[in-house]
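Engineer: Okay, sequence plus prediction incoming.
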Amino acid sequence: MKRVLCLALGASLFVPAAFAQGGPGGGQPVGIAAGMQASYNRVKSMLVASADKLSEADYTFKPVNEIRSYGQLWGHVANFQYGQCAQVKGVPNPNQGNNLEQTATTKAAVVKALADSFAFCDDAFAALTDQSVAEMVTGGRGGPRAKAVILSAVVEHGNEMYGIGTVYQRLKGVVPPSTEAQQQRGGGPGRGN
């Protein structure tokens, strides 16, 4: 029962996102795997664009001292993605022991680290099918979990970090990528992300 509930929840999170983005089905029904892939690709494009938005000098910017710098934010995303996708792929984390929040200290290094983490995750998402999303994966915290549960965390975390990154951008007078895209589509000035 828990497995069915988890899959239903996953579908409710990803399928509407796929339709809202003109989803992969072009108005046709979209399964869990295709919905997750569409959501991942959207957040990937927004995060990659965000990482490039601020200047090298602004990569050390912190709105307050108690939080990560702009560069550390994207290093954190890369760290998280490596861990989650390694678990789904059943391989050792290639970034194990390398805290990108601390070791990627230039804009170029951070942008590369983020791109590399996406490249590592791409095939985990591309390999998803409506059947494989329910396959259980072991080795993580909390016991076995379905692939969809682990990979949905990548999308959820990416969206959360994107939202945080937009605050840094706005404080520096920079228009975030999602607002910029909305403006280019003729959707007005945009006040949100």
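Structural biologist: It's in. Numbering: from 1, shown residues only.
Engineer: List the residues that contact the residue most central in space within the chain.
Structural biologist: In the chain, the C-alpha nearest the mean C-alpha coordinate belongs to residue 158, at 2.9 Å (CA atoms, centre = their mean). Neighbour list for residue 158: 40, 43-44, 46-47, 77, 81 [criterion: CB atoms under 8 Å, 6 or more residues apart in numbering]. All C-beta atoms are positioned from the backbone trio N, CA, C, and that covers glycine.
Engineer: could you flag which of these are buried?
Structural biologist: 40, 43-44, 46-47, 77, 81 (16 or more other CB atoms under 10 Å).
Engineer: quick one: which helix or strand includes the residue nearest to the centre of the chain?
Structural biologist: For residue 158, the host element (DSSP states H and E) is helix 147-171.
Engineer: and if you look at residue 71?
Structural biologist: Short version, using DSSP H and E: residue 71 is in helix 70-89.
Engineer: now that helix and helix 147-171, what's the angle there?
Structural biologist: Here the directions of helix 70-89 and helix 147-171 differ by 170 degrees (axes from the mean of the first three to the mean of the last three CA atoms, to 10 degrees).
Engineer: pLDDT averaged over helix 70-89, what's the number?
Structural biologist: For helix 70-89, mean pLDDT rounds to 97.
Engineer: Tell me the helix or strand right after that helix.
Structural biologist: Downstream of helix 70-89 (by DSSP H and E), the next one is helix 100-103.
Engineer: ok, and for that next one, which residues are buried?
Structural biologist: So for helix 100-103, counting by 16+ other CB under 10 Å, buried means 100-101.
Engineer: Chain neighbours aside, what residue packs nearest to residue 171?
Structural biologist: residue 63 (5.8 Å; CB to CB, 6 or more residues apart in numbering).
Engineer: Quick check: which element contains that neighbour?
Structural biologist: Using DSSP H and E, residue 63 falls outside every helix and strand.
Engineer: Just put the buried ones among the contacts of residue 158 in CSV and tack on distance to residue 30 and secondary structure.
Structural biologist: Below are those laid out as CSV (distance: CB to CB, whole Å; DSSP: H, G, I helix; E, B strand; the rest coil):
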residue, distance to residue 30, secondary structure
40, 13, helix
43, 16, helix
44, 18, helix
46, 20, helix
47, 22, helix
77, 26, helix
81, 23, helix
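Engineer: Just flag the most distant two among those residues.
Structural biologist: Maximum pairwise distance in the buried ones among the contacts of residue 158, criterion CB to CB, is 14.0 Å, between 46 and 81.
Engineer: buried residues in the helix holding residue 158?
Structural biologist: For helix 147-171, the buried set under the neighbour-count rule, 16+ other CB under 10 Å, comprises 147-155, 157-159, 161-162, 164-166, 168-169.
Engineer: likewise stretch 115-126?
Structural biologist: 116-118, 120-121, 124-125.
Engineer: same question, stretch 85-105
Structural biologist: In terms of neighbour count (16+ other CB under 10 Å), stretch 85-105 has its buried residues at 85-89, 93, 95, 100-101, 104-105.
Engineer: Show the end-to-end separation of it, please.
Structural biologist: This stretch, stretch 85-105, spans 23 Å end to end (CA to CA, to the nearest Å).
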